[in-house]
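> Quick one, what's the 3D model for this:
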Amino acid sequence: MGTTQLESVPEPKYWHLKTVLSEALDSEFSVGEILPNERDLAARFGVARATLRQALEQLELEGRLQRRRGVGTTVAPPRVGVAVGTEQHAWPGAGEDAWQSVDCVLAAPPAAVADVLETGSEELVHTVRRSRVSHGQPVAAELLYIPESSVPDLSAIDTPSATARARAVLRELQRLELEGQDRAVELGSARADDAKELDRLPGAPVLVVTTRFFAEGRTAAVSVATYRADTCRLTFADSGNVEIHHGPERQAS
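Presented below is the predicted three-dimensional model:
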């Protein structure tokens, strides 16, 4: 790589460096690639290491870089777009669903979910756990709560495979006619179990997306999906499709 010296600019030097580094990420590095160490980068761009750290921290906040303990600073994968539009409706697991089923158990849901589902506080519901991966990295985890009344014809699932149990419940749910859905998004902090699944530290910022699915005049299922805040962005397209974005300024067609 050639040497690039920064000219005197009116904006903070670290901010200009951030722009130069961002262009280098687009043209010289691939997703998951490890950046050179700070000493080499500072020498290449002719800046102090403190200035370089400021620029790297800003790029990390923007989701362009990830710092991994024991590995170094790597180029982050494209951000996952979290759609909040509701024009397009589909049951979980239907069509081109990007989620992967992981497990399914019968368990009492959290009180807030039980209230939405109008189930008793001790009533067991099918709890399907799913994950979403982008470029080999976990970006979201979901718990999908389905009361037994929504899958009344589901026969006993006699299989040791947790994934098979989850898929059977989702297939039975899709027999209902979906009447609509609504979605709420809030910023939160990763709980210990979410952090472990998403490869983040507890307390890391996350987006929590709660979706209610309606059928037969009632709430038939509730999804609570937790997205890594550093790997996703909200989209407000009317189609309601989940899009993949390749950086803060470029979007996949």
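
> so where do the helices sit in the stretch 1-150 of the chain?
Assigned by DSSP state H, counting those that start in this stretch, the helices in the stretch 1-150 of the chain fall at 13-28, 38-45, 49-61, 111-117.

> Those helices into JSON lines, with extra columns for mean pLDDT, distance to residue 132 and mean neighbour count?
Using the backbone N, CA and C atoms, a C-beta is placed for each residue, glycine as well. Formatted as JSON lines, the helices of the stretch 1-150 of the chain follow (pLDDT from 0 to 100; distance: least, CB to CB, whole Å; neighbours: other CB atoms under 10 Å):
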{"stretch": "helix 13-28", "mean pLDDT": "89", "distance to residue 132": "23", "mean neighbour count": "16"}
{"stretch": "helix 38-45", "mean pLDDT": "92", "distance to residue 132": "32", "mean neighbour count": "16"}
{"stretch": "helix 49-61", "mean pLDDT": "89", "distance to residue 132": "21", "mean neighbour count": "17"}
{"stretch": "helix 111-117", "mean pLDDT": "93", "distance to residue 132": "20", "mean neighbour count": "15"}
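
> got a markdown table for those, with distance to residue 175 too?
Shown next, in a markdown table, are these (distance: least, CB to CB, whole Å):
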| stretch | distance to residue 175 |
| --- | --- |
| helix 13-28 | 46 |
| helix 38-45 | 56 |
| helix 49-61 | 44 |
| helix 111-117 | 18 |
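
> of all these, which lies closest to residue 206?
Nearest to residue 206 among the helices of the stretch 1-150 of the chain is helix 49-61 (14.7 Å), distances taken as CB to CB.

> contacts for that closest one?
By CB atoms under 8 Å, 6 or more residues apart in numbering, the residues outside helix 49-61 that reach it are 13-15, 17-18, 21-22, 25, 38-39, 41-42, 45, 65-67, 73, 230.

> rewinding a little: of the helices of the stretch 1-150 of the chain, which approaches residue 139 most closely?
It is, among those and with distance given as CB to CB, helix 49-61, at 15.7 Å.

> pLDDT below threshold where in the stretch 51-200 of the chain?
Scanning the stretch 51-200 of the chain with the threshold set as pLDDT under 70 gives 69, 79-88, 156-160.

> switch the cut-off to 80
61-63, 67-71, 77-89, 95-96, 121, 135-137, 155-160 (pLDDT under 80).

> Could you check the pLDDT of residue 241?
pLDDT for residue 241: 45.

> Only the buried residues of stretch 101-110, if you could.
101, 104, 108-109 (16 or more other CB atoms under 10 Å).

> Show me those residues that map onto strands.
Taking DSSP state E, the ones among the buried residues of stretch 101-110 that sit in strands are 101, 104.

> Most widely separated two among the buried residues of stretch 101-110?
101 and 108 (20.9 Å).

> The stretch 151-253 of the chain: helices as residue ranges?
Using DSSP H, counting those that start in this stretch, helices in the stretch 151-253 of the chain cover 162-173, 192-198.

> quick revisit: what would the buried residues of stretch 101-110 look like in CSV with distance to residue 152?
Shown next, in CSV, are the buried residues of stretch 101-110 (distance: CB to CB, whole Å):
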residue, distance to residue 152
101, 21
104, 17
108, 19
109, 18
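
> Looking at the buried residues of stretch 101-110, which one is closest to residue 134?
residue 101 (17.0 Å).

> sorry, back to before: nearest to residue 125, out of the helices of the stretch 1-150 of the chain?
Among these, helix 111-117 sits nearest to residue 125 (CB to CB), with 6.8 Å.

> which helices and strands does that closest one pack with?
If you count contacts as 3 or more CB pairs under 8 Å, 6 or more residues apart in numbering; DSSP states H and E, helix 111-117 packs onto strand 137-147, strand 218-228.

> Distance to residue 190 for these - can I get that in CSV?
Formatted as CSV, the helices and strands packed on helix 111-117 follow (distance: least, CB to CB, whole Å):
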stretch, distance to residue 190
strand 137-147, 9
strand 218-228, 7
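
> Which one of these lies nearest to residue 186?
Per CB to CB, nearest to residue 186 of the helices and strands packed on helix 111-117: strand 218-228, 10.7 Å.
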